[in-house]
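Undergrad: Generate coordinates for the sequence data below:
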Amino acid sequence: MNEEIKTKISILYVDDEENNLRSFKATFRRIYDVHTAISGDEGLKILSENPIQVIITDQRMPEMTGIEFLSKVLEKDREPMRMLLTGYSDINAVIDSINKGQVYRYLTKPWNEDELRSAIESAYEVYSLRKENKELLKKLEIANDQLEFLLRQRLLS
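TA: Numbering: from 1, shown residues only. Predicted coordinates:
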């Protein structure tokens, strides 16, 4: 039997509240590969050691806000999809998250499981399409180089 093995989406959830981390992990661990971090620094360490496709971070954390964390993520790796989660409806945080952290989606606390799952699935779809487009672009560049080489050979002969 040749069954296609579907890999789990790898998610990093960063929040300074231990209860939120436990709740997130308990809710999503069966369907996703969940990594949790209690601070931005711990999140950066996890990112350096694991391939992560979707990042969800709380905005209001001591030492490093969610936006600051996502800005640091962008310096190291632009590929993971980034989402900001906060219990405060602060329009300045929303604007900063879009401008500085290049956030894919802004969600409010307390999160709704179905809404969050839908956002994760949507973010992963965009992540996958971007990755596929990069690979296709590389193949196209190689094919273009080969075609150019063949045309030059023809012109020279």
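Undergrad: Now find how far off-centre stretch 51-62 is within its chain.
TA: From the chain centre to the centre of stretch 51-62 is a distance of 9 Å (C-alpha atoms, centre = their mean, to the nearest Å).
Undergrad: Quick check: buried residues in that stretch?
TA: Judged by neighbour count using 16 or more other C-beta atoms under 10 Å, the buried positions of stretch 51-62 are 52-59, 61. (C-beta placed from N, C-alpha, C; glycine too.)
Undergrad: So which of these sits lowest on pLDDT?
TA: Lowest in pLDDT among the buried residues of stretch 51-62 is Gln59, which has 87.
Undergrad: can you put the buried residues of stretch 51-62 in CSV and add secondary structure?
TA: Formatted as CSV, those follow (DSSP: H, G, I helix; E, B strand; the rest coil):
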residue, secondary structure
Ile52, coil
Gln53, coil
Val54, strand
Ile55, strand
Ile56, strand
Thr57, strand
Asp58, strand
Gln59, coil
Met61, coil
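Undergrad: what about Leu12, which SS state?
TA: Leu12 ends up strand, using three-state DSSP.
Undergrad: was I right about it contacting Ser48?
TA: No. Using C-beta atoms under 8 Å, Leu12 is not in contact with Ser48; the gap is 11.2 Å.
Undergrad: which of those two has more neighbours?
TA: Remark: of Leu12 and Ser48, Leu12 carries more neighbours, 24 against 10, as counted by other C-beta atoms under 10 Å.
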